[in-house]
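J.: Output the structure for:
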Amino acid sequence: MSDTLELADYRRRVSDLYYDVRRGSDPEQAWAEWRERRDALFATHSQSPVPASDRPDFTGSPFFPYDPAWRAVAEVELVEQAPMLIDHSGGGSTRFVRFGIAHTAVNGEPVNADLCWLDTSGGGVFLPFRDPSNGNTTYSEGRYLLDTAKGADLGTEDGRLVLDFNFSYHPSCVWDGRWSCPLPPATNQLAIAVHAGERIR
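T.: As a prediction, this is how the structure comes out:
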């Protein structure tokens with residue numbers, strides 16, 4: 001199978017993971033199954049972000065324990081669309097369009113995050129973020145929560161966007177420098193330290 005078809009297969013499997021998450025009635029159980037299947041992809045798939053030489057010893061990515069306090073639904077405020085270039089870890093940039101702000105609260109703290117639309121091909125909602133945990137327990141440059149162009153889509157409830165920070169994850173460049181990933185812009189710096197989702201240690 002060509003690299004292109006293998007990548008398509010990988011993304012299809014990721015989309016299937018999130019489809020099952022959205023169908024689940026128990027968010028914590030869905031998260032546990034998502035982690036298990038994601039770890040299996042990382043350990044075995046040819047398009048895993050984990051370098052091939054490290055996969056035989058890969059035993060799973062570290063996460064904070066699931067905490068329902070980090071799951072919320074957000075009202076989306078639509079704003080005047082504004083183009084923006086998001087820089088990559090390996091140089092270059094990708095064009096997005098800022099189209100809205102997600103407003104919610106987690107752990108009693110307000111969260112307001114910019115929502116971006118990938119301005120190429122079929123598009124997709126992108127919600128990367130930075131927070132005070134970066135450089136301590138999580139990747140110094142931030143994490144992703146939604147990237148619907150690549151299947152990372154937690155869906156909606158009653159017209160509001162599901163933001164479950166337990167599902168936040170590191171970009172692929174954390175695992176291997178051969179990947180060049182869009183890095184969360186400074187405008188999506190959250191005030192609250194997000195002790196949920198994937199961690200470095």
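J.: Helices along this protein, start to end?
T.: For the chain, the helices defined by DSSP state H cover 3-23, 27-44.
J.: Kindly compare burial across those helices and name the winner.
T.: helix 27-44 (a mean of 16; mean count of other Cβ atoms under 10 Å). Placement of C-beta: from N, CA and C, glycine included.
J.: thinking again about what came up before, turn the helices of the chain into CSV, columns for distance to Y139 and mean pLDDT.
T.: Output for those, formatted as CSV (distance: least, Cβ to Cβ, whole Å; pLDDT from 0 to 100):
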stretch, distance to Y139, mean pLDDT
helix 3-23, 19, 95
helix 27-44, 16, 98
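J.: Mind putting those helices into TSV with distance to G159?
T.: Shown next, in TSV, are the helices of the chain (distance: least, Cβ to Cβ, whole Å):
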stretch	distance to G159
helix 3-23	15
helix 27-44	18
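J.: Out of those, the one nearest P128 is which?
T.: Ranking the helices of the chain by proximity to P128 (Cβ to Cβ) places helix 3-23 first, at 16.5 Å.
J.: mind listing what G122 touches?
T.: Going by Cβ atoms under 8 Å, 6 or more residues apart in numbering, G122 touches A149.
J.: Check which helices and strands the top strand by length along the chain is in contact with.
T.: If you go by DSSP state E, the chain has its longest strand at strand 71-87. The contact analysis (3 or more Cβ pairs under 8 Å, 6 or more residues apart in numbering; DSSP states H and E) places strand 71-87 against strand 93-106, strand 109-118, strand 160-164.
J.: nearest to E33, of those strands?
T.: Closest among the helices and strands packed on strand 71-87, using Cβ to Cβ: strand 160-164, at 13.8 Å.
J.: What are the contacting residues of that closest one?
T.: With Cβ under 8 Å, 6+ apart as the test, strand 160-164 has contacts from 27, 31, 70-76, 102, 104, 106, 111, 113, 115, 127, 145-146, 154-156.
J.: Same check on stretch 75-95?
T.: Here stretch 75-95 makes contact (Cβ under 8 Å, 6+ apart) with 96-104, 115-120, 128, 141, 160-161, 171, 173, 177, 179-183, 185.
J.: Quick check on the residues you listed: which are buried?
T.: For the contacts of stretch 75-95, a burial check counting by 16 or more other Cβ atoms under 10 Å picks out 96, 98-100, 102-104, 115-118, 128, 141, 161, 171, 173, 180-183, 185.
J.: and D87, how many residues sit next to it?
T.: Look at D87: counted by other Cβ atoms under 10 Å, it has 16 neighbours.
J.: How about Y139?
T.: Y139 has 21 nearby residues by other Cβ under 10 Å.
J.: List the contacts of it.
T.: Counted by Cβ under 8 Å, 6+ apart, Y139 has contacts 170-171, 174, 200.
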